[in-house]
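Colleague: Pasted the sequence and its predicted model underneath.
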Amino acid sequence: QSCFEGLKAFQCKDGEVRLFRPDENAKRLAKSCERVCMPPIPEEKFIEACKMAVRENIEFVPPYGSGGALYIRPLLFGSGPKIGLSPADEYTMIVLVIPVGDYYKGGLKPVSGIVMEEFDRAAPRGVGNVKVAGNYAGDLLPNSYAKQKGFPICLYLDALTKSKVEEFSTSNFVAVDKDGNYVTPASETILASITNKSLMELAADEGMGTARREIPVEELLTLREVAACGTAVVVTPLSKLYYKEDTITFGVGDAVGPVTRKLYDRVRAIQNGEAEDTFNWMKTIH
């Protein structure tokens, strides 16, 4: 039994250090705990543990203007002296931190991806929708295959029918459809991304239509913009996607799409304290 989270602390423009949406991480961890029969960590205790780890390592928070952040990894695991298939009788929670630099040195740049048909990311009714230990291990081999072919990212389809878009290796799939709406797949096997949720809220704030819905693989041909999104990168735009023998080129070509650019800039401005946090996402370290 083991589950984990990932979030960041930023030194903002005013000099304060703040966490980005730790309450959402606490809720997601509780969902993961429930799925693997672990007692949930109360939200207040989770947030305080993250704040404590940052306070104790405050000198390692990259300075404002560097583009970096302090990555925070809460980890909860069963540590009782049991070997049988049953819930542990003791649990340990630890919080690790590591400073990380700007993922996009030199600016946001689109990449090419490949649809991975030879492997599945998650089984229907399995644990693909929670952040539990081992979930990403199955992606190591197919991801290495993709990189050997020159693709830094691979996209998985649903395991049951291979007809619907699901998720990238470690990131949610987000897109702008032909009608200009922000869309992301609806599936019981996809991990609920806090970054995706934030981008969707910002898209709605911009007046865009938003939807979580099934995205047939054929619809890839008509999408205006496509990106992978997650805590580490916020967004990774895609310029091309290779599927079977076809090369799908999105309308933006090798430039970052206007919607992707606007949403990325808005998230980063809030995280860096350069824009008003009207959503109350940032939590100050005291």
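Modeller: Structure received. Quantities reported herein were computed from a predicted structural model and do not represent experimental measurements.
Colleague: need the helix or strand of this protein with the lowest average pLDDT.
Modeller: Of all helical and strand segments in the chain, the minimum by mean pLDDT, DSSP states H and E falls on strand 246-249, at a mean of 93.
Colleague: Report all helices and strands that the helix or strand just after that one contacts.
Modeller: Downstream of strand 246-249, the first helix or strand assigned by DSSP states H and E is helix 258-271. With contacts defined as 3 or more C-beta pairs under 8 Å, 6 or more residues apart in numbering; DSSP states H and E, helix 258-271 has these neighbours: helix 194-205, strand 225-230, strand 234-243. Every residue, glycine included, has its C-beta placed from N, CA and C.
Colleague: Neighbours of residue 216, how many?
Modeller: Residue 216 has 11 neighbouring residues, counting by other C-beta atoms under 10 Å.
Colleague: Surely it touches residue 163?
Modeller: Yes: using C-beta atoms under 8 Å, residue 216 makes contact with residue 163 at a distance of 6.2 Å.
Colleague: before we move on, the earlier item: out of the helices and strands packed on helix 258-271, the one nearest residue 89 is which?
Modeller: Of all those, it is helix 194-205 that lies closest to residue 89, at 31.2 Å by C-beta to C-beta.
Colleague: Just checking the distance from whichever helix or strand comes after that closest one to the centre of its chain.
Modeller: As assigned by DSSP H and E, the chain's next helix or strand after helix 194-205 is strand 210-213. With C-alpha atoms, centre = their mean, to the nearest Å as the basis, strand 210-213 stands 17 Å off its chain's centre.
Colleague: in strand 210-213, what's buried?
Modeller: By 16 or more other C-beta atoms under 10 Å, strand 210-213 has no buried positions at all.
Colleague: tell me the most buried of the helices and strands packed on helix 258-271?
Modeller: Greatest average neighbour count among the helices and strands packed on helix 258-271 goes to strand 225-230 (a mean of 26), per mean count of other C-beta atoms under 10 Å.
Colleague: Output the helices and strands packed on helix 258-271 as TSV; include the columns distance to residue 27.
Modeller: Listed next are the helices and strands packed on helix 258-271 as TSV, based on distance: least, C-beta to C-beta, whole Å:
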stretch	distance to residue 27
helix 194-205	9
strand 225-230	17
strand 234-243	20
